[in-house]
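A.B. asks: Test case, fold it:
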Amino acid sequence: MNKLQPSQLVEEQRNATRLFKQLRNRIEMVLREKSEDGISEADVKEVIKRVLCLDKAYPLPLVGTMLEKFPQEFKPANWWPETKPEVIHPITETNGWNSELEMEMREVVEIIKSRDAEEYEKLGNVALKLNRVLAISGPVLTGIAAVSSGFIGHDSGLAGVVATTCASLATVVNTLEHGGQVGMVCEMYRNSAGFFSLLEETIKTERTEDALVFETKVALKLGRSLSELRDLARRSSLSRLQGSSIDECASKLF
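C.D. replies: Numbering: from 1, shown residues only. Have a look, this model is predicted:
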């Protein structure tokens, strides 16, 4: 149970179900848009890549492969095809992109990297280490209690104390690990960090979509309105010039 981490498996498959539904909606949208012109081979290959990446990021548990529950290093989830770094779309004035929006998107990327992504990776590392310690401590304490109980009644009062203490500690550790669903918390941080990585990569590479539509999508994904997103970017730029944090600039402005 400690090795398989049931709560983490549930969270993995919950995320996989949500992402596969999004992919299905994306495919249906492409089919509707290109129903007259027809689907190209490039469209098919792109969908295949996305399906394979998603299947690799969230494989079905206990069926041949399973994600490592205690990796040496915490890494964000990655469920999308890798974008070639050399492909950079130029600014296209016809769809609304301009230097001002470019600067705004750069500031949003910097905020994501320095605040949200960094925070989730830090918390993910803490949760991973805690989960590893709890997963090892529970069976070790249970084993010590079982061995010590065999010496009870052989004129050894210490054996009873050790057995009782270790059994109680093992109960507490297992309750913290599985009752607190630490494995699910690890997966939640991994998926959240992956979301910010995907958003950062999308902002850096996407220039073909209409500027206002893309800006609105970014704002909605971050849970903000357009005005809040623009204000956040302006505060980030101002804080960079003044050499202070965004929160300090916000206190000065408001």
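A.B. asks: can we go C-alpha only for contacts and neighbour counts from here?
C.D. replies: OK.
A.B. asks: And for L241, the neighbour number?
C.D. replies: When counting by other Cα atoms under 10 Å, one arrives at 9 neighbours for L241.
A.B. asks: With I39 as the reference, measure out to it.
C.D. replies: From L241 across to I39, the span is 48 Å (Cα to Cα, to the nearest Å).
A.B. asks: R50 too?
C.D. replies: 16 Å.
A.B. asks: neighbour-wise, which of the two wins?
C.D. replies: Between R50 and I39, counting by other Cα under 10 Å, R50 is the more crowded of the two (17 against 13).
A.B. asks: what about that one, which helix or strand?
C.D. replies: helix 41-57 (DSSP states H and E).
A.B. asks: outside of stretch 62-76, which residues touch it?
C.D. replies: Here stretch 62-76 makes contact (Cα atoms under 8 Å, 6 or more residues apart in numbering) with 3-5, 58-61, 121, 124-125, 128, 132, 183, 189-194, 197.
A.B. asks: which residue is nearest the middle of the protein?
C.D. replies: Geometric centre of the chain, nearest residue: N191, 2.1 Å, by Cα atoms, centre = their mean.
A.B. asks: Could I get the pLDDT score of that residue?
C.D. replies: pLDDT for N191: 95.
A.B. asks: Now it. Nearest residue, chain neighbours left out?
C.D. replies: The shortest distance from N191 to any non-neighbouring residue, by Cα to Cα, 6 or more residues apart in numbering, is to A77 (5.3 Å).
A.B. asks: With A135 instead?
C.D. replies: Nearest residue to A135, sequence neighbours excluded (Cα to Cα, 6+ apart): N2, at 5.3 Å.
A.B. asks: quick one: the one you found and R132 touch, right?
C.D. replies: No - counting by Cα atoms under 8 Å, N2 stays clear of R132, with 9.1 Å between them.
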